[in-house]
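> Structure of the sequence below:
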Amino acid sequence: MFLFNVRVYGILINDRNEVLISDERTENVSFTKFPGGGLEYGEGLIDALKREYLEETGMEVEVIKHIYTTDFFEKSSFNDSQIISIYYQVEQKNNVELNIRTKSFDFTEKSLEGKLQAFRLIPLKELQENDLTFKTDQVAWVEFLKNIDKIQL
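This is a model prediction of the structure:
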């Protein structure tokens, strides 16, 4: 039996041209990624992304543009599933003040599920693909940068 794990992520650029990234630790694995997460059964991609952003950040977001969909094999770091990730550029719709950190993995609170999460804003011109842990995020970021002149900022 083959398992597929569909993930959806949002690349958010604020009005100061900073990119929102998430530092997380779960199951003793630390990683940096774009906010987002797994598609739930019965849910569409856009609804899943809006739900994930709301759950993780408290932000209501609007999808602006499709950026990238995984086009290579990627095994999950956490189980035997194959990861399929879809990336969109998103825009913040409500006024939420996140507790933004300046250092990587600067966790202060523990969640109920044992997952630690902290957010950082990195200037658009400074975020490098190697700042992101997973290959899918790295490829999506490179695709975003390739098309930046066609993307609404």
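> how many neighbours does the closest residue to residue 121 other than its chain neighbours have?
Distance criterion CB to CB, 6 or more residues apart in numbering; nearest residue to residue 121, sequence neighbours excluded, is residue 18 at 3.9 Å. From N, CA and C alone the C-beta is placed, and that goes for glycine too. Using other CB atoms under 10 Å, the number of residues around residue 18 comes to 18.
> quick one: residue 18 and residue 123 touch, right?
Yes: contact criterion CB atoms under 8 Å: residue 18 and residue 123 qualify, at 5.6 Å.
> helix or strand for residue 90, which one?
strand 82-92 (DSSP states H and E).
> pLDDT on that strand, on average?
Mean pLDDT, strand 82-92: 96.
> which helices and strands sit right next to it?
strand 4-12, helix 45-57, strand 61-69, helix 135-146 (3 or more CB pairs under 8 Å, 6 or more residues apart in numbering; DSSP states H and E).
> dump the residue contacts of the spatially most central residue of the chain.
Nearest to the geometric centre of the chain sits residue 34, at 2.1 Å (CA atoms, centre = their mean). By CB atoms under 8 Å, 6 or more residues apart in numbering, residue 34 lies in contact with 9, 10, 11, 12, 20, 21, 22, 87, 132, 137, 140.
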